[in-house]
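Colleague: Fold the following and give me the result.
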Amino acid sequence: MTEKQYVLSIDQGTTSSRAIVFDHGGRVVAVGQKEHEQIFPRAGWVEHDPMEVWRNVRAVVAEALSAAELNHRDLAAVGITNQRETTVVWDRTTGEPVHNAIVWQDTRTARIVEELGGEAGQDRYKDRVGLPLATYFCGPKVKWILDNVDGARARAEAGELLMGTMDSWLLWHMTGGVDGGVHVTDVTNASRTMLMDLQTLAWAEDIAADMGIPTSMLPEIRSSAEVYGHGRSRGMLDGVPIAGILGDQQAATFGQACFDVGMAKNTYGTGNFMLMNTGTEPVLSNNGLLTTVCYRIGDAPPVYALEGSIAVTGSLVQWLRDNLGIIRSAEEVEQLAAGVEDNGGAYFVPAFSGLFAPYWRSDARGVLVGLTRYVNRGHIARAVLEATAYQTREVLEAMEADSATKLAELRVDGGMTANETLMQFQADQLGADVVRPVVAETTALGAAYAAGIAVGFWEGEADVVANWSEGRRWRPQMASAERERLFRNWKKAVTRSFDWVDDDVS
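Modeller: This is a model prediction of the structure:
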């Protein structure tokens, strides 16, 4: 172990950026957090300002170090975790983005995705990249920018532009930007672009060519735990090794110590993301799941995962607050939902960006069904929470079918796990225990562990397992007949969301 006693994790998320200082026991020492603007140019489009995100990251790092009364000399390493498929294209000589970042929830690439699929359909590249053609992933977003921003394609073909997910954007700036910034991503983020071959862990040049993306734009693919470069950011992190990168969901899996084949975690954030460790060989899904890289530590073999991605869970609570004004704060949704005995027959399918796993229906849109005059605000709040649990059950059942493994328990993390009503209903719907760790900041913690392992601050996965401890467990209490009745009605509600988008409706 090094003499320095702390690791800093930068968690660049969908709604905010955070910096968290961890000690050797994996405990939170200090936190800095700042939200950034959610930009909605038109229906289905979601953007972030990359320069605002970069400014916020600098601010939250300073805030966290100040709160902990530390400076860069006290840090053994820095890890980065990030919203994954959100995509930036920028000028390598000026550092300026050519367009706002296109967020993972954005659906503007639907026509591009359809054209790329052609007669082969959405599984055209799935055997190689583990992903269906969908608006979710990065490659089509880059194509859209090159096709729609004046002069962007010519500049890209001239070698003037770079692309990357948010980890690459931050790392490039942190290591010098236009003055020698390192253009790198890790295998977990690369596996979300639709451009990386899962077996070789290298860019698939023919797929990039199909999408019209010059390979000169692409970052170098590295492992999730190694020294990529050192901080050169206005003195704030001077000389500190930046040594860990993991996409947010893979970081949470690592932070939850899901190192054995068959272990799974579910993160409850803006969306929900369940990952199951499948070992050193990728498992292709027959049930609507994604095959992704879970992590790779240095030169060790990569570890793969099956993933079920749900687009809208926590953001549905935000929508209830910001768009409808039914609640004043996210915390109020539990109180409102707990004021009624059940959902009153109401079901909310939040297909705001289409449906992700296990359906992959970009033509779906949100529906609230089963309404009668009996339904009130409490029933709608409960339907909002229950939607998260039903969607999670659908993903878990797909995962169990693909892996031929019955989960005994599900490890959970993320902001919504503070909602006791939701967590109990989740256990009831799964028919399995739901377990929350003592340290709930597993996404940031996973990136910290990767960085710390790379520099010897932690010895390896065994230290992560030793630091993990159970905080709260929910066991199923609902009668099986009621459990199945509710889920049957949910499945019926889902079908009502299909086939909404056509040539006249977006």
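Colleague: Does N266 belong to a helix, a strand or coil?
Modeller: Under the three-state scheme (DSSP: H, G, I helix; E, B strand; the rest coil), N266 adopts strand.
Colleague: how close does it sit to V384?
Modeller: 18 Å (C-beta to C-beta, to the nearest Å). Using the backbone N, CA and C atoms, a C-beta is placed for each residue, glycine as well.
Colleague: Quick check on these two: which one has the bigger neighbour count.
Modeller: Neighbours per residue, other C-beta atoms under 10 Å: of N266 and V384, the larger number sits with N266, 29 against 25.
Colleague: In space, what's closest to the more buried one - neighbours in sequence excluded?
Modeller: The shortest distance from N266 to any non-neighbouring residue, by C-beta to C-beta, 6 or more residues apart in numbering, is to M274 (4.3 Å).
Colleague: buried sites along the helix or strand the one you found falls within?
Modeller: Using DSSP states H and E, M274 sits within strand 272-279. Residues of strand 272-279 classed as buried: N272, F273, M274, L275, M276, N277, T278 (neighbour count, 16 or more other C-beta atoms under 10 Å).
Colleague: give the contact list for the second one.
Modeller: Shown in contact with F273 (C-beta atoms under 8 Å, 6 or more residues apart in numbering): D248, Q249, A252, N266, T267, E307, G308, S309, I310.
Colleague: Just list whatever residues bridge to the last one.
Modeller: Judged by DSSP bridges, the bridge partners of I310 are N272.
Colleague: got it, and the fourth one?
Modeller: Here N266 shows beta-bridge partners M274, V412, assigned using DSSP bridges.
Colleague: What segments of the stretch 351-500 of the chain are strands?
Modeller: Counting by DSSP state E, counting those that start in this stretch, the stretch 351-500 of the chain has strands at residues 367-369, 409-413, 433-437, 470-474.
Colleague: Remind me what the biggest helix by length in the chain packs against, helices and strands.
Modeller: Ranked by residue count under DSSP state H, the longest helix found in the chain is helix 377-403. Packing partners of helix 377-403 (3 or more C-beta pairs under 8 Å, 6 or more residues apart in numbering; DSSP states H and E): strand 264-268, strand 272-279, strand 303-310, helix 314-322, helix 332-338, strand 347-349, helix 420-430, helix 480-495.
Colleague: Distance from the chain centre to that helix, please.
Modeller: Per C-alpha atoms, centre = their mean, to the nearest Å, the displacement of helix 377-403 from the mean C-alpha position of its chain is 18 Å.
Colleague: and the angle for that helix with strand 409-413?
Modeller: 120 degrees (axes from the mean of the first three to the mean of the last three C-alpha atoms, to 10 degrees).
Colleague: List the buried residues for helix 377-403?
Modeller: Result for helix 377-403 [16+ other C-beta under 10 Å]: buried residues 378-396, 398-400, 402-403.
Colleague: just to revisit the earlier point, so for the strand holding M274, what's the average pLDDT?
Modeller: Per-residue pLDDT over strand 272-279 has a mean of 91.
Colleague: Over to G229. Which of the three states is it?
Modeller: Reduced to three states by three-state DSSP, G229 is strand.
Colleague: Just give the number of residues close to it.
Modeller: 18.
Colleague: picking that back up, got CSV for the buried residues of strand 272-279, with distance to P302 too?
Modeller: Formatted as CSV, the buried residues of strand 272-279 follow (distance: C-beta to C-beta, whole Å):
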residue, distance to P302
N272, 24
F273, 19
M274, 20
L275, 14
M276, 15
N277, 12
T278, 11
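Colleague: Out of the residues you listed, which is nearest to S315?
Modeller: N272 (10.3 Å; C-beta to C-beta).
Colleague: what's around the closest residue to H173 other than its chain neighbours, how many residues?
Modeller: Spatial nearest neighbour of H173, excluding adjacent residues (C-beta to C-beta, 6+ apart): W54 at 5.5 Å. Applying other C-beta under 10 Å, we find 24 residues neighbouring W54.
Colleague: distance of W54 from S17?
Modeller: 9 Å.
Colleague: now swap in E96 and tell me
Modeller: For E96 relative to S17 (C-beta to C-beta), the value is 19 Å.
Colleague: Of these two, which one has the most company?
Modeller: S17 (27 against 10).
Colleague: Am I right that that one is in a strand?
Modeller: Yes. The assignment for S17 is a strand, going by three-state DSSP.
Colleague: ok now do it, which residues does it touch?
Modeller: Taking C-beta under 8 Å, 6+ apart, we find S17 in contact with I10, D11, Q33, K34, H36, V53, N56, V57, V60.
Colleague: Which ones among the residues you listed map onto helices?
Modeller: V53, N56, V57, V60.
Colleague: if you skip the residues just before and after it, what's nearest to the first one?
Modeller: What it means is V53. V53 sits nearest to H36 (C-beta to C-beta, 6+ apart), 5.5 Å away.
Colleague: wait, isn't that neighbour in contact with T14?
Modeller: No. Judged on C-beta atoms under 8 Å, H36 makes no contact with T14 at a distance of 9.3 Å.
Colleague: can you list the weak-confidence ranges in the protein?
Modeller: For the chain, the stretches with pLDDT under 70 are 1-3, 233-235, 503-506.
Colleague: residue farthest from the centroid of it?
Modeller: R373 (37.9 Å; C-alpha atoms, centre = their mean).
Colleague: Against A346, how distant is that residue?
Modeller: From R373 to A346 the distance is 12 Å (C-beta to C-beta).
Colleague: what does N71 give?
Modeller: For N71, the distance to A346 - C-beta to C-beta - is 53 Å.
Colleague: swap in V464?
Modeller: 42 Å.
Colleague: Tell me which residues touch A440, please.
Modeller: Applying C-beta under 8 Å, 6+ apart, the residues near A440 are D413, G414, T417, A418, G471.
Colleague: Next one: the second one from D179, what distance?
Modeller: Think G414. Counting by C-beta to C-beta - G414 and D179 are separated by 37 Å.
Colleague: Mind checking which of these two has more residues around it?
Modeller: Using other C-beta under 10 Å, the more surrounded residue of G414 and D179 is G414, with 24 against 8.
Colleague: can I assume that one is in contact with G271?
Modeller: No. Under the criterion of C-beta under 8 Å, G414 is not in contact with G271, lying 9.8 Å apart.
Colleague: Find the residues that touch each one of those two.
Modeller: G314.
Colleague: Point me to the helix or strand that includes N343.
Modeller: Going by DSSP H and E, N343 is not in any helix or strand.
Colleague: Thought H379 was touching it, still the case?
Modeller: Yes. Counting by C-beta under 8 Å, H379 is a contact partner of N343 at 5.5 Å.
Colleague: Contacts only, for G25.
Modeller: N467.
Colleague: Is it located within a strand, as I assumed?
Modeller: No. Checked against three-state DSSP, G25 lies outside a strand; its state is coil.
Colleague: Look up how far V438 lies from it.
Modeller: G25 is 11 Å from V438, by C-beta to C-beta.
Colleague: swap in D179?
Modeller: For D179, the distance to V438 - C-beta to C-beta - is 42 Å.
Colleague: tally of neighbours for the residue nearest to G117 when sequence neighbours are not counted?
Modeller: Distances taken as C-beta to C-beta, 6+ apart place L133 nearest to G117, at 4.8 Å, with adjacent residues excluded. Other residues within reach of L133, judged by other C-beta under 10 Å, total 27.
Colleague: which residues sit in contact with L133?
Modeller: V113, L116, G117, G121, Q122, D123, R124, Y125, P140, M194.
Colleague: With secondary structure as extra columns, can I get the residues you listed in JSON lines?
Modeller: Putting the contacts of L133 into JSON lines (three-state DSSP) gives the following:
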{"residue": "V113", "secondary structure": "helix"}
{"residue": "L116", "secondary structure": "helix"}
{"residue": "G117", "secondary structure": "helix"}
{"residue": "G121", "secondary structure": "helix"}
{"residue": "Q122", "secondary structure": "helix"}
{"residue": "D123", "secondary structure": "helix"}
{"residue": "R124", "secondary structure": "coil"}
{"residue": "Y125", "secondary structure": "coil"}
{"residue": "P140", "secondary structure": "helix"}
{"residue": "M194", "secondary structure": "coil"}
